[in-house]
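**Q** Let's see this in three dimensions:
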Amino acid sequence: HIPQGPVCTNLGLKPGQRLTVKGKIAPNAKSFVMNLGKDATLLGLHFNPRFDAHGDVNTIVCNSKKVEEWGAEHREAVFPFQKGGTAEITFGVNQNDVTVHLPGHQFTFPNRLNLSVFDYFDTQGDFTLQSLSWE
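**A** I've put the predicted structure just below:
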């Protein structure tokens, strides 16, 4: 069973805005997830750092989801997370992609669903949300 964190449903994030997420990673973490999209069925960015899950070790896996249909997985080899540590991640919404800012690293993920606004955010897994801010 994957623990479900808070769910936000009316963020109204538009291109040029950023969402910053802070929280704690469980000491025995296997993986955690942050979803950003229009709603729970249309996810523009499924962000999934895996310490040891689904055959991946210390890998960030990103994807998009349209109803029940997942896109192609995108993997980042940089893994700045530690079990039992804290995490601060900023998602910058652009016209054609989302920039993910991690400690000492950033990458972009395409806006495959062409979402003009990101209203939905949730966290799941071995992560406790401590603060959420956007600008």
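**Q** low pLDDT regions in this structure?
**A** Filtered on pLDDT under 70, the chain yields the residue ranges 1-2.
**Q** what about the strands in it?
**A** Using DSSP state E, the strands of the chain run over residues 4-8, 18-25, 32-39, 42-53, 56-66, 69-70, 74-76, 86-93, 97-102, 105-110, 120-125, 127-134.
**Q** For those, could you give me TSV that also reports mean neighbour count?
**A** In this view, the C-beta of every residue, glycine as well, is placed from N, C-alpha and C. Shown next, in TSV, are the strands of the chain (neighbours: other CB atoms under 10 Å):
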stretch	mean neighbour count
strand 4-8	14
strand 18-25	17
strand 32-39	21
strand 42-53	22
strand 56-66	18
strand 69-70	9
strand 74-76	15
strand 86-93	19
strand 97-102	18
strand 105-110	15
strand 120-125	20
strand 127-134	15
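**Q** Would you mind measuring from the nearest residue to K83 once chain neighbours are set aside to N111?
**A** Take K83 and drop its neighbours on the chain: the residue closest to it by CB to CB, 6 or more residues apart in numbering is A29, 4.9 Å away. Relative to N111, A29 is positioned 28 Å away (CB to CB, to the nearest Å).
**Q** All set now, cheers.
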